[in-house]
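> Return atomic coordinates for the entry below.
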Amino acid sequence: MGRTLPSATQTFLLEQEAFTRFRRALRRSDQLALDDLFTCARQHIAAAAYASHALPFEVFLLAMLLEEHKQVMHLRRLLEEAGHS
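This next block holds a predicted model:
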């Protein structure tokens, strides 16, 4: 029988685990920021399963970037609304 591929969730957890030593070397405030980025990426695991052509960590980085950009767009909208008041 052929080998089965790990699920997107398993892949995500392996990628996150690979950064354990890096995370430990960070300042506490940076550890919290990194944890938040991984939390953001976790929200897109279902979509990541469809990006099988890309490297897994690239997909998770894109998910992190997507969440950060959504926040930037939201803040821009708030600034524009405040400027029109």
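> So in this structure, which helix runs the longest?
Selection of the longest helix in the chain by residue count, based on DSSP state H, yields helix 56-83.
> Now do that helix: distance to the chain's middle.
Taking CA atoms, centre = their mean, to the nearest Å, one finds helix 56-83 lying 12 Å from the centre of the chain it belongs to.
> check which helix or strand covers residue 24.
Residue 24 is part of helix 20-25, with elements assigned from DSSP states H and E.
> just to revisit the earlier point, helices or strands next to the longest helix of the chain in the packing?
Counting contacts by 3 or more CB pairs under 8 Å, 6 or more residues apart in numbering; DSSP states H and E, helix 56-83 is packed against helix 8-18, helix 28-42, helix 45-48. For the C-beta atoms, the positions are set from N, CA and C on the backbone; glycine is no exception.
> among those helices, which is nearest residue 82?
Each of the helices and strands packed on helix 56-83 has some distance to residue 82 by CB to CB; the shortest is helix 28-42, at 25.2 Å.
> got a list of what the most centrally placed residue in the chain touches?
Using CA atoms, centre = their mean, the residue of the chain that lies closest to the mean C-alpha position is residue 41, 2.5 Å off. In this structure, residue 41 makes contact with 12, 60, 61, 63, 64, 67, judged by CB atoms under 8 Å, 6 or more residues apart in numbering.
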